[in-house]
Each structure stands twice: as structure tokens, then as C-alpha cells.
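**Student:** Predicted model follows, preceded by the sequence.
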Amino acid sequence: MQTRWTRRPIYARQTQQTTLGKSAEGNLSIQKTKESIDEFDLDSSRPAFVLQLPDEVLRLILEFAITETDSWHKESPYNKTLIPALAYTCHRFSRIIISFNYHTLHMAFPRRMIYPVCKTRKLIKTLEANPSLGRFCQSLSLHISDVCPTRVKTDSECLDEIIPELKNVKYLTVHGGFEPGSKSHTWDIIQRCSKHMPRLEQVLLAREAFTGPGFADILQNLQIPMLQELYIHGSSESNNDASSSTVEVAKPVKASDVTKLHLSDFKDTSATMNTLIHWPKSLFEFSIENIHSDPDHRDSHPNYLDLPLLRKMLQEHKDTLTTLSIGPLSLSGRGKLANLSDLSALHTLSLSRWQLGGELDVSSDAASQLLGPSLELFVWDFTIYDQNTQKWSDFGTRESLWIMNLAQKAVERRSPLKEVSIQFAPELPTSDDEDYPWDFIDDLDTQFRSQGVTFTYNEPTMSKEAFLNRSKPTE
């Protein structure tokens, strides 16, 4: 009997075009377009359109789907809960998405703490079983706890086998491990990282307990050829270190290729800061967020630092410095300005409001000391780093007049200043607060925008509508 093959009939159908993207909740989902299209079911074996794209395009799509919208406070810029779902979709997705799973690695090594390190142990076992996965890592974060000073054998010793596989790391963070009993172990890890990570561009060192990274150790152990940016949080005084850094300073130290230096929670001497600033060959960005200050720290105290003294330290980099951020310095030195206008390359200047003293002098000619030939952005920062908080009334008529005078001088002198940014995040208002601070800034923006200077600010603590409708206690 002869078999007859019949052609399957072709049916036209109305279909809805879809795309792969984020839902309103931030999850990966199928997104429908508004237009419908006529499509013929000619070949059901044809792969989906998304799988016809080249790897380079598909990688961008998948990265967009898993990228966190607000990742600055998270361990990874990617949502790792979505990665397994995409990896199980198909072999091609799995091959591409796996690199994002190992892009940012966080390893915690607490000592005898209740908090488990199961995630770290699983990660180490995975890398030991498949070392080639280490090539995907670009950001490595190590937390070495200082809470329990007695060191026991921990999983951190497995780093000896893992670090050589992390050859593409660009960003290294070490939090803790700088106490006297553990710092040698921590610096050994950092040295191994610098040896096996030739692409290392950025390093962040931060204290956890009382002692932070020491000045002498930094100069001695951070000779990394590609290092461009260095963050130091909680640098401790030299006399806390058994090996005094004054001895190390006397030895020749190779100039660093670091171009961006950021200091915060600084507890060392002004002489140490001076040496750190002079360590780079050329400095493009410098920031000092806050220092540990005492009212008794006068100009003769080793830890004293005011704006004129800092300006003197920066003299060597006056023709290369493009970004400068200055937080509150020594209490007894606040109110002293320095001439920053001769920093010829300075494009962005951020200055703490509190560095100008408690009572603003609206008649002072601050513009002549702050407005340089290249300055386009001036940031006025009201951030407070101690246990006090910003008050609602900290920005009012007097502050508005001071910053208005600065903008007016910029216009009169045809300065390149284009933007004034106010960073102000006060606590909620009291019943005595009658003015809405951001009204002052909006008025300034209206006044100067047509003259080429705009005024901006971060998101207000409370909307004006909520401020006007807030309930006040009845008398």
C-alpha cells in the first residue's frame, strides 16, 4: 500500500509581538507591545527571535534584565535571584549568564561568630572544583572580622588556591583585619591579590573595629602598577602600630601611579596626610570626608588640620587636580578659608558648609578664594558625620544670601561656573519651622538660570505639600 503524505495546512493567525524585559516589580518577564502583527506558522522549528541575536546583543539584553536599579548599597550590581532562572532557560542563556553570577564576589570570614559563612564556603568549594569560573570575577570584597581577636583556622586560608584564578579583578575591597593581632595576615592576602591581579585599578581599605590600615603598611604594600584609585577609611595613628611609620617614612618610597585618593574617618596625623598626598606622581581627584577632631586640637597639635594647611599640602598637584571634596576638618580651624582659586584645572569643588564656621559671614568675599578659572560645579554639602543631625533650619535666609553672593560674583566675573548643587538632608521639621528650605534654592535657580548658573539639590526629606499639611500641636 502506497503511503500518501499530505501537506499540513497553513493557518494565518493574529499574534502579539513580545519582548524580554523588566516588570514593574523589577522581575524578568515577557513584555507585550501595543501593535499586533499577522504571522504565518510556516516553520515551527525556527528558533525564537531572541535566540537569533548574536551573543554580544543577547548579553546586553540579559545584563539589563538582571541589573539592580538601586545597587549602591548591595554586594552586587546584579540581582542574583534572577540568574538561576535565566540559566535554566536554555544552554545558550546559561553560557552567557554565568559570567554575571561571578562578576562580584563577597567573602566573609567572621571568627567564632553566630553568623554562618555558608555562602562563602559554598563559593570556595565551587571555585576549587571549577577554577576557570574565577576569570569572570571583576570585583572582590573580603570581610575579615576584628570582633574576635583570637584567630582560629578559617576558610580564609583557602584563598591561597583561589586568588591565582582571579586574574581579571579590577576592584578590591578589604573590610577589617587591621587590628595588631591580625593585620600581618590581612596584608599577606592583599599582597597576594596585588601579585595575581594585574588589572587591579581600585582598592578600598576600611577599618571595622578600632584600628584601620596603617600608613607605613599602605606605602609598603600597595605598589600596584595599574592602581588608579585608592579609598582609605579609618587610617589609624602611627603610634598605634608597633612598627612606627616614622621609621618607614625615612626609607625611599616609590612614587605611586594612583591618580584618585579618597580619605574618610581619618585618625592619623596631618603629617601622615601630607605624605599620602605627595605619594602619587599626579593627583586628579582628592577627597577628605571627615577627620577625628577634638576641640583641644589647636594648630600645634599633630592631628590638627584646617583648610589653609590642606591647601598647602595640595600645592604639588595644583595644575592636575580636577576634583576636590573637603568635609569638616578640625573644629578649632573651622571658619578659615584658603585660596583655592589658583587650582587651574579644578573642575568640581565640594565644600562642607560646616567648614565655614558656625555663623556664616554673608559679607565675606568667598568667591575670590573659591572660584577658579576652570570651576564649573560647586557643591555645598551640609552633611554631618558625627552623632548630630542636620536641622530643618540649617538652610535659611542667611545660607541663601551667602550662596547667592557666590553665584552673583561668578556671573559678574564671567566665571565658567555652571551649576551650584546643595546637598541638604535634614531631619523632619519641628512645629517651630515655618520655612520650606528648598523654596530658597528654587528662587535662586529662577534668578540665575537665565544668567547661565543653575541651582540643584538632592531629593528633599519631605515634599512641600506634606510640609504644609503636617499636623502641628494645638496650643
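**Tutor:** That came through, no problem.

**Student:** show me the contacts for Leu324.
**Tutor:** Going by C-beta atoms under 8 Å, 6 or more residues apart in numbering, Leu324 touches 285-287, 314, 340, 343, 346, 348-350. Bear in mind the C-beta positions are built from the backbone N, C-alpha and C, glycine included.

**Student:** could you flag which of the residues you listed are buried?
**Tutor:** 285-287, 314, 340, 343, 346, 348-350 (16 or more other C-beta atoms under 10 Å).

**Student:** how about these in CSV, adding secondary structure, pLDDT and distance to Ala407?
**Tutor:** Converted to CSV, those look like this (DSSP: H, G, I helix; E, B strand; the rest coil; pLDDT from 0 to 100; distance: C-beta to C-beta, whole Å):
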residue, secondary structure, pLDDT, distance to Ala407
Glu285, strand, 97, 25
Phe286, strand, 97, 25
Ser287, strand, 96, 24
Leu314, helix, 96, 25
Leu340, coil, 94, 17
Leu343, coil, 95, 20
Leu346, coil, 97, 17
Thr348, strand, 98, 16
Leu349, strand, 97, 14
Ser350, strand, 97, 16
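
**Student:** ok, these vs Val57, which is closest?
**Tutor:** Glu285 (34.5 Å; C-beta to C-beta).

**Student:** Could you list everything the closest one pairs with in the sheet?
**Tutor:** Under DSSP bridges, the beta-bridge partners of Glu285 are Lys260, Thr323.

**Student:** hang on, it packs against Val258?
**Tutor:** No. Using C-beta atoms under 8 Å, Glu285 is not in contact with Val258, being 9.9 Å away.

**Student:** any shared contact partners between these two?
**Tutor:** Glu229.

**Student:** residue ranges with poor pLDDT in the stretch 101-250 of the chain?
**Tutor:** 110-118, 148-157, 237-250 (pLDDT under 70).

**Student:** what ranges do the helices span in it?
**Tutor:** 118-129, 159-162, 183-196, 215-221, 245-249 (DSSP state H, counting those that start in this stretch).

**Student:** what's near enough to touch the nearest residue in space to Leu340 that is not next to it in sequence?
**Tutor:** Leaving aside its sequence neighbours, Leu340 sits nearest to Leu370 (C-beta to C-beta, 6 or more residues apart in numbering; 5.6 Å). Listed by C-beta under 8 Å, 6+ apart, the contact set of Leu370 reads 337, 340-341, 349, 351, 378, 406.

**Student:** quick one on the thing from earlier: so which of the helices of the stretch 101-250 of the chain is nearest Thr272?
**Tutor:** helix 215-221 (4.8 Å).

**Student:** got a list of what the closest residue to Asp55 other than its chain neighbours touches?
**Tutor:** Distances taken as C-beta to C-beta, 6+ apart put Ile96 closest to Asp55, at 6.3 Å, once the chain neighbours are dropped. Residues near Ile96 by C-beta under 8 Å, 6+ apart: 55, 58-59, 62.

**Student:** again with Pro225
**Tutor:** Applying C-beta under 8 Å, 6+ apart, the residues contacting Pro225 are 198, 257.

**Student:** mind listing the helices for the stretch 351-475 of the chain?
**Tutor:** 367-370, 397-412, 437-448, 464-469.

**Student:** wait, Trp187 sits on Asp217?
**Tutor:** Yes. The pair Trp187 / Asp217 is scored as a contact, 5.7 Å apart, by C-beta under 8 Å.

**Student:** Ser352: what's it in contact with?
**Tutor:** 326-328, 381-383.

**Student:** Take the residues you listed and lay them out in TSV including neighbour count and pLDDT.
**Tutor:** Shown next, in TSV, are the contacts of Ser352 (neighbours: other C-beta atoms under 10 Å; pLDDT from 0 to 100):
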residue	neighbour count	pLDDT
Ile326	20	95
Gly327	21	92
Pro328	21	89
Asp381	21	96
Phe382	19	95
Thr383	16	91
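
**Student:** Now intersect these with the strands, please.
**Tutor:** The members of the contacts of Ser352 that map onto strands under DSSP state E are 326, 381.

**Student:** Nearest to Lys418 among the contacts of Ser352?
**Tutor:** Asp381 (18.1 Å).

**Student:** show me the residues around the closest residue to the closest one other than its chain neighbours that make contact.
**Tutor:** Spatial nearest neighbour of Asp381, chain neighbours left out: Gln423 (4.4 Å); criterion: C-beta to C-beta, 6+ apart. Contacts for Gln423 (C-beta under 8 Å, 6+ apart) come out as 379-383, 457-458.

**Student:** Phe424 is in contact with Ser458, correct?
**Tutor:** Wrong residue type there; residue 458 is Asn, not Ser. Yes. Counting by C-beta under 8 Å, Asn458 touches Phe424, with 7.0 Å between them.

**Student:** Taking the contacts of Ser352, tell me the two that lie furthest apart.
**Tutor:** Ile326 and Phe382 (13.5 Å).

**Student:** okay if I get the contacts of Gln423 as a markdown table plus distance to Ala466?
**Tutor:** Formatted as a markdown table, the contacts of Gln423 follow (distance: C-beta to C-beta, whole Å):
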| residue | distance to Ala466 |
| --- | --- |
| Val379 | 26 |
| Trp380 | 24 |
| Asp381 | 24 |
| Phe382 | 20 |
| Thr383 | 23 |
| Tyr457 | 17 |
| Asn458 | 17 |
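
**Student:** Nearest to His106 among these?
**Tutor:** Out of the contacts of Gln423, the member with the shortest distance to His106 (by C-beta to C-beta) is Thr383, at 26.9 Å.

**Student:** Chain neighbours aside, what residue packs nearest to that closest one?
**Tutor:** Gln423 is the one closest to Thr383 (C-beta to C-beta, 6+ apart), at 6.3 Å.

**Student:** Same check on Leu444?
**Tutor:** Closest to Leu444 by C-beta to C-beta, 6+ apart is Phe455, at 4.7 Å.

**Student:** That neighbour reaches Phe448, doesn't it?
**Tutor:** Yes. Counting by C-beta under 8 Å, Phe455 touches Phe448, with 6.7 Å between them.

**Student:** Give me the common contacts of these two.
**Tutor:** Ala407.

**Student:** which of these two has more neighbours?
**Tutor:** Neighbour count, other C-beta atoms under 10 Å: between Phe455 and Phe448, Phe455 has more, with 23 against 19.

**Student:** how much space is there between the more buried one and Asp439?
**Tutor:** According to C-beta to C-beta, to the nearest Å, Phe455 and Asp439 sit 12 Å apart.

**Student:** which stretches of this structure form strands?
**Tutor:** 12-22, 28-40, 104-109, 139-144, 171-175, 202-206, 229-233, 260-264, 285-288, 323-326, 348-352, 377-381, 419-423, 454-457.

**Student:** Output those strands as JSON lines; include the columns distance to Arg398.
**Tutor:** Listed next are these as JSON lines, based on distance: least, C-beta to C-beta, whole Å:
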{"stretch": "strand 12-22", "distance to Arg398": "46"}
{"stretch": "strand 28-40", "distance to Arg398": "51"}
{"stretch": "strand 104-109", "distance to Arg398": "45"}
{"stretch": "strand 139-144", "distance to Arg398": "43"}
{"stretch": "strand 171-175", "distance to Arg398": "40"}
{"stretch": "strand 202-206", "distance to Arg398": "37"}
{"stretch": "strand 229-233", "distance to Arg398": "33"}
{"stretch": "strand 260-264", "distance to Arg398": "29"}
{"stretch": "strand 285-288", "distance to Arg398": "26"}
{"stretch": "strand 323-326", "distance to Arg398": "21"}
{"stretch": "strand 348-352", "distance to Arg398": "16"}
{"stretch": "strand 377-381", "distance to Arg398": "13"}
{"stretch": "strand 419-423", "distance to Arg398": "14"}
{"stretch": "strand 454-457", "distance to Arg398": "17"}
